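1. heads up, no residue letters with this:
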Ligand code: PMP
């Protein structure tokens with residue numbers, strides 16, 4: 001048998017899976033997904049699943065969108081590759097950059113393309129440093145991110161990420177990256193505190209951190225409008241209203257990581273609009289191409305660009321770029337994706353159907369295992385607890401979230417467990433009826449979890 005003809009290509013042993021417990025994986029093996037259609041994917045036995053996570057928060061137009069296939073094919077025939085180094089360009093890159101600047105939620109000036117969200121945020125770290133060098137303040141370099149924020153896995157973007165298990169084994173974060181508190185009221189709100197008080201306290205804590213470090217050393221603050229991989233954490237309504245003036249006061253750039261929220265997920269084109277943000281830099285990925293091909297981007301404001309031009313004049317080339325920055329086939333697919341969002345008014349669609357997810361899941365609020373249901377638009381999280389009154393979790397060794405996800409899978413629904421929180425982020429094209437079905441399947445998974453917990457005699461950790 002030649003290459004690609006061997007049954008061994010399906011063998012779990014040859015594939016080093018990202019973000020996978022390799023020991024467990026040795027026993028259970030992967031779920032092999034063979035094809036997709038609309039909001040459904042099908043495994044190699046033909047079983048259908050609702051893709052309740054749009055893959056990894058990304059296939060917003062679902063599977064089998066022929067216009068994207070055609071856009072890719074056309075571009076593959078015309079010009080399958082060209083780069084954008086040393087004054088070169090190609091139409092798909094030029095057109096996509098223009099489209100992004102047009103739909104940007106605040107005035108943006110230039111677009112830098114990367115292949116992934118991690119690379120986009122990694123690029124941002126360098127841009128922020130370059131910018132402050134250009135302004136002649138090389139000491140102003142530290143970047144503040146947040147506990148439970150997720151910004152990627154390259155060395156710099158993993159450092160921005162605020163998840164301890166992504167730092168622990170890798171000697172991260174790198175120097176100059178700090179983390180401030182996570183705006184999760186259910187978990188971190190104090191006795192007697194309102195959400196508003198909590199937001200005020202977090203803004204004060206951010207200011208204390210800035211003052212303790214010295215404002216002249218802090219360059220930027222990065223945040224997802226709604227935190228995704230940290231467990232779908234929706235900030236208090238006034239959180240960003242309180243954070244942003246602190247940043248302004250100390251001349252600190254605001255970077256909005258729109259990798260998940262971008263392109264309709266929260267019920268606005270960008271999370272920036274949902275929370276009235278004024279970012280200086282925006283990163284996007286995932287839904288930019290509905291994930292049909294890898295592409296991501298960094299958008300920067302005019303003052304940042306102008307400083308970069310001056311720096312470029314002083315020291316020469318801006319020494320950063322990837323072979324596949326703005327790959328023409330990816331760019332052509334992304335451009336077509338943005339056209340489809342506009343033509344189908346995806347934002348209105350999200351607003352119309354979202355109550356079927358949000359209200360549907362909130363009906364489980366009284367469920368004995370459900371601590372909190374949170375979400376906005378077509379992103380949601382359900383946090384599983386062992387004791388509703390005390391919010392005590394199950395022993396982490398039980399990995400209760402993984403069990404819920406497994407039961408959901410048995411009922412034909414793919415969701416993602418982030419610790420004890422189950423994440424939902426279906427394709428944005430999902431219908432109300434499909435969302436009702438998704439919620440019903442999740443209800444069955446919760447019932448199975450009750451039986452599982454009872455059978456095993458599991459209880460809250462003391
Ligand atoms: N930022 C956010 C908010 C993300 O959710 C992700 C991916 N889950 C990333 C950055 C990193 O993107 P990628 O996996 O494409 O590198």
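-> Now that the structure is in, tell me what you want to look at. Fair warning: this is a prediction, and the values are worked out from it, not measured in the lab. Numbering: from 1, shown residues only.
2. Now stretch 190-197: buried residues?
-> Within stretch 190-197, the residues scored as buried using 16 or more other CB atoms under 10 Å are residue 195. Glycine gets a C-beta too; all of them are placed from N, C-alpha and C.
3. tell me which parts of the protein are close to the ligand?
-> 56, 116-118, 121, 150-152, 224, 228-229, 257, 259-260, 285 (CB under 6 Å from any ligand atom).
4. switch the cut-off to 5 Å
-> 116, 117, 118, 150, 151, 152, 224, 228, 257, 259, 260, 285 (CB under 5 Å from any ligand atom).
5. ok, the residue of the chain found nearest the ligand - contacts?
-> Per CB to the nearest ligand atom, residue 117 is where the chain lies closest to the ligand, at 2.3 Å. Residue 117 makes contact with 151, 152, 157, 257, 259, 283, 285, 286, 296 under the criterion CB atoms under 8 Å, 6 or more residues apart in numbering.
6. Is it correct that the fourth one is in contact with residue 283?
-> Yes. Between residue 257 and residue 283 a contact is recorded at 5.2 Å, counting by CB atoms under 8 Å.
7. Now the common contact residues for the two.
-> With CB under 8 Å, 6+ apart as the test, residue 257 and residue 283 both reach 117, 121.
8. related to what we said a few turns ago, among the residues of the chain next to the ligand, which are located in strands?
-> Assigned to strands by DSSP state E, the following of the residues of the chain next to the ligand qualify: residue 257.
9. Widest-spaced pair of the residues of the chain next to the ligand?
-> 116 and 224 (15.5 Å; CB to CB).
10. So for these two, which residue has more residues nearby?
-> Just comparing residue 116 and residue 224: by other CB atoms under 10 Å the higher neighbour count belongs to residue 224, 24 against 20.
11. Tell me the spatial nearest neighbour of the more buried one, not counting adjacent residues.
-> residue 257 (4.7 Å; CB to CB, 6 or more residues apart in numbering).
12. How about residue 155?
-> With sequence-adjacent residues excluded and distances taken as CB to CB, 6+ apart, residue 155 is closest to residue 174, at 6.4 Å.
13. Using the three-state scheme, assign the one you found.
-> coil (DSSP: H, G, I helix; E, B strand; the rest coil).
14. Same check on residue 61?
-> Going by three-state DSSP: residue 61 is coil.
15. which residues does it contact?
-> Counting by CB under 8 Å, 6+ apart, residue 61 has contacts 68, 290, 337, 340, 427, 428, 429.
16. hang on, the earlier thing: just put the contacts of residue 117 in CSV and tack on pLDDT and neighbour count.
-> Formatted as CSV, these follow (pLDDT from 0 to 100; neighbours: other CB atoms under 10 Å):
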residue, pLDDT, neighbour count
151, 98, 32
152, 98, 25
157, 98, 27
257, 99, 31
259, 98, 28
283, 99, 30
285, 98, 28
286, 98, 28
296, 98, 28
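17. Just name the closest of these to residue 344, please.
-> Nearest to residue 344 among these: residue 286, at 18.0 Å, using CB to CB.
18. In this structure the closest one contacts residue 58, no?
-> Yes. Residue 286 is within contact range of residue 58, at 3.7 Å (criterion: CB under 8 Å).
19. where does residue 379 land on pLDDT?
-> Residue 379 carries a pLDDT value of 99.
20. cool, the one 5 residues further on as well?
-> Per-residue confidence (pLDDT) for residue 384: 98.
21. so what's the residue nearest to residue 155 up against?
-> Residue 174 is in contact with 155, 156, 159, counting by CB under 8 Å, 6+ apart.
22. What's the local residue count around the last one?
-> What it means is residue 159. 26.
23. what does the second one give?
-> Using other CB under 10 Å, residue 156 has 25 neighbouring residues.
24. mind listing what it touches?
-> Counted by CB under 8 Å, 6+ apart, residue 156 has contacts 121, 122, 125, 126, 174, 177.
25. repeat for the first one
-> Contacts here follow CB under 8 Å, 6+ apart; on that basis residue 155 touches 122, 170, 172, 174.
26. on that earlier part again, now do the residue of the chain closest to the ligand against residue 259, distance only.
-> Computed as CB to CB, to the nearest Å, the residue 117 to residue 259 distance reads 4 Å.
27. Pull up the overlap in contacts between those two.
-> What both residue 117 and residue 259 touch, as defined by CB under 8 Å, 6+ apart, is the set 151, 283, 285, 286, 296.
28. correct me, but the first one touches residue 119?
-> Pointing back at residue 151 there. No. Assessed by CB under 8 Å, residue 151 is found out of contact with residue 119, at 11.0 Å.
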